[in-house]
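Trainee: from the sequence below, what's the structure:
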Amino acid sequence: MRFVVLAVAATLLSAGAFAQSAPPMMKSFAAGADIPALIAKAKAERKGDQPLVIVPMASVAPYNVSLEYRPGTSPAAVHEKDAEVMYVLEGSGTIVTGGKLVDEKRTNAANLNGASIADGKPQAVSKGDLLIVPENTPHQVIPGGGAPIVLMTLHVPRPAPANWP
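Mentor: This is a model prediction of the structure:
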């Protein structure tokens, strides 16, 4: 039995040495019971009147799941290479999709922002609602009722990777 314990310990220690040069392990699970703590973390990380705080929940490349704490209206966005799935965890508001970005600006190689959206379609959302925003689709989240809206978002690369099931 001691031999087994020593062998396991040696394996773990040697794996730890190799892990220092390897990329960090991806977190593929987030417990529902942890969501209140993640929301509290987002509230604590908010600076001033910042309209959006993003807290990572899980990530297995190339997919990322985040908690988005949105106490204010942030700029509209277009993700040119990702579809985005949004699930409302808390609060309510409006998500505007489609139309055209107003005062469009490139933020990086795959994303655009704008002050708002012209001619978009508003969709009222509340806790438990789900919305899919296809790639290249303008979208903006507007909290309602003076309270934050909290979303769980999943960015899905489009087109899907070749190894997608």
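
Trainee: pLDDT-wise, which helix or strand of this structure ranks last?
Mentor: Counting by mean pLDDT, DSSP states H and E, the chain has its least confident helix or strand at helix 2-19, which shows a mean of 35.

Trainee: next helix or strand past that one?
Mentor: Moving toward the C-terminus from helix 2-19, the next helix or strand (DSSP states H and E) is helix 35-45.

Trainee: next secondary structure after that following helix?
Mentor: strand 53-60.

Trainee: could you list the paired strands of that next one along with their orientation?
Mentor: strand 63-70 (antiparallel) (DSSP bridges).

Trainee: what residues of the strand it pairs with count as buried?
Mentor: Buried positions in strand 63-70, judged by neighbour count with 16 or more other CB atoms under 10 Å: 64-70. Where you see a C-beta, it was placed from the backbone N, CA and C, and this is true even at glycine.

Trainee: which residues sit in contact with the closest residue to Lys41 other than its chain neighbours?
Mentor: Once flanking residues are discounted, Lys41 sits nearest to Val55: 5.6 Å by CB to CB, 6 or more residues apart in numbering. By CB atoms under 8 Å, 6 or more residues apart in numbering, the contact set of Val55 is 38, 41-42, 45, 66-67, 69.

Trainee: which one of the residues you listed sits closest to Leu151?
Mentor: Set against Leu151, the nearest of the contacts of Val55 by CB to CB is Leu67 (7.4 Å).

Trainee: show the pLDDT at that closest one.
Mentor: Leu67 carries a pLDDT score of 97 in this model.
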